[in-house]
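K.L.:
coords please:
(one chain, ligands or ions: 4)
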Amino acid sequence: AAKSSGTPLVVHTAELDECAEAAERLGADLRHSLDDGDFTVVYQPIVALRTGRVVAVEALVRWTHPIRGQVSPADFIPVAEDNGLIVELGEWIMRTACRQFARWRAELGDTAPQYVSVNVSARQLSEPGFPDVVAGILMDTGVPAAALLVEVTETALFGGGVAIDAVESLHRAGIRIALDDFGTGHSSLGLLRAVPVDVLKVDKSFVDEITEPGRQAVIVDALIHVSNGLGLRAVAEGVETAEQADYLRELGYDCAQGWHFGRPVAQPDFGAVALIPART
Ligand code: C2E
Ligand code: CA
Ligand code: CA
Ligand code: CA
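P.N.:
Ligands and ions are numbered 1, 2, ... in the order given. Prediction:
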């Protein structure tokens, strides 16, 4: 927010200090919580728009702070990235998600989702040996490389070199790569040529627009063409209504994810989602 001209600079500085202190405290709490087991992983279904089948799940971390209760990952992931804890936390998340996914495969056989999607931050990607850590987790849990989808953001890859090398190395090992929040970061289209990508996750902000009065589905329409043209799979994020789901299917989207199909929970229902008929 813009400061009024009369606001003394000291107030501004004090606010910044307070902010830095709060982040530091939160960082220390993250450390304790990692040791105390205050984190869990929840799973949100990713659904095939033609069949209603749950084809995949995205793993999302949850933190129950001992005093503050639920803290949003949008608030603590950046702190964990800054203080480096995301490396250890992220490894725990991936191991937990792969272990759970292996259990579902064993229990459900053919009706289990085909892959598990795990978010990986820039800091993890640039950690030397990260691809070996992932390979070790797949080995330990018995999850095949092709059943793991690693979600990275454009911004994480924007820094270049090391992160892109890691993505290439994961891809060579047979792990699939998704570009998360697609369309909201830097240099989206150029990145698609520089990095081996399998899945485009089209950001919720574009999905929201398709049913807003006065707006059109120009971007989601363009992105499905880019995706198809490059032989990628598109997943629309943040689908909250049947109308949006219907529209996306008509545009040619294969898969979607959002509250309309299911919220992230510890044990999702893997029965097919009832689809409403497409408009005629
Ligand atoms: P994201 O990767 O883009 O994840 C999608 C977010 O949208 C999730 O929020 C999910 O709960 C929420 N969402 C899903 N469907 C809908 C919908 O229909 N409507 C609305 N309004 N929201 C929906 P969440 O779990 O709070 O995570 C927020 C962000 O925090 C994630 O965005 C991701 O950037 C980060 N994050 C979450 N879990 C992890 C993790 O395990 N590792 C890392 N590195 N980052 C994570
Ligand atoms: Ca994601
Ligand atoms: Ca996303
Ligand atoms: Ca996001």
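
K.L.:
Name the nearest residue to residue 131, sequence neighbours excluded.
P.N.:
The shortest distance from residue 131 to any non-neighbouring residue, by Cβ to Cβ, 6 or more residues apart in numbering, is to residue 169 (4.1 Å). In this view, the C-beta of every residue, glycine as well, is placed from N, C-alpha and C.

K.L.:
Give me the contacts around the one helix or strand the one you found maps to.
P.N.:
Residue 169 belongs to helix 161-172 when assigned by DSSP states H and E. With Cβ atoms under 8 Å, 6 or more residues apart in numbering as the test, helix 161-172 has contacts from 122, 125-126, 130-131, 134, 150, 152, 156-157, 177, 194-196.

K.L.:
Pull out the buried residues from those residues.
P.N.:
122, 125-126, 130-131, 134, 150, 152, 156-157, 177, 195 (16 or more other Cβ atoms under 10 Å).

K.L.:
Let's have the residues you listed in TSV, adding pLDDT and distance to ligand 1.
P.N.:
Below are those laid out as TSV (pLDDT from 0 to 100; distance: Cβ to the nearest ligand atom, whole Å):
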residue	pLDDT	distance to ligand 1
122	93	9
125	95	10
126	93	13
130	97	12
131	98	16
134	98	13
150	98	10
152	96	9
156	86	9
157	86	14
177	97	14
195	91	18
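
K.L.:
In helices, which of those appear?
P.N.:
Those of the buried ones among the contacts of helix 161-172 mapping onto helices are 122, 125, 130-131, 134, 156-157, per DSSP state H.

K.L.:
quick one on the thing from earlier: report whether the helix holding residue 169 contacts ligand 1.
P.N.:
No: Helix 161-172 stays clear of ligand 1 (Cβ under 6 Å from any ligand atom), getting no nearer than 13.1 Å.

K.L.:
same check, this time on stretch 238-249
P.N.:
Yes: judged by Cβ under 6 Å from any ligand atom, stretch 238-249 and ligand 1 are in contact via 238-240.

K.L.:
list the contacts for residue 104?
P.N.:
The neighbours of residue 104, taking Cβ under 8 Å, 6+ apart as the test, are 112-113, 270.

K.L.:
What's the ChimeraX syntax to select whichever of those residues are buried?
P.N.:
In ChimeraX syntax, the buried subset of those is picked out as below (16+ other Cβ under 10 Å):
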select :112,113,270
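
K.L.:
Output the contacts of residue 104 as JSON lines; include the columns secondary structure and pLDDT.
P.N.:
Shown next, in JSON lines, are those (DSSP: H, G, I helix; E, B strand; the rest coil; pLDDT from 0 to 100):
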{"residue": "112", "secondary structure": "coil", "pLDDT": "95"}
{"residue": "113", "secondary structure": "coil", "pLDDT": "96"}
{"residue": "270", "secondary structure": "coil", "pLDDT": "91"}
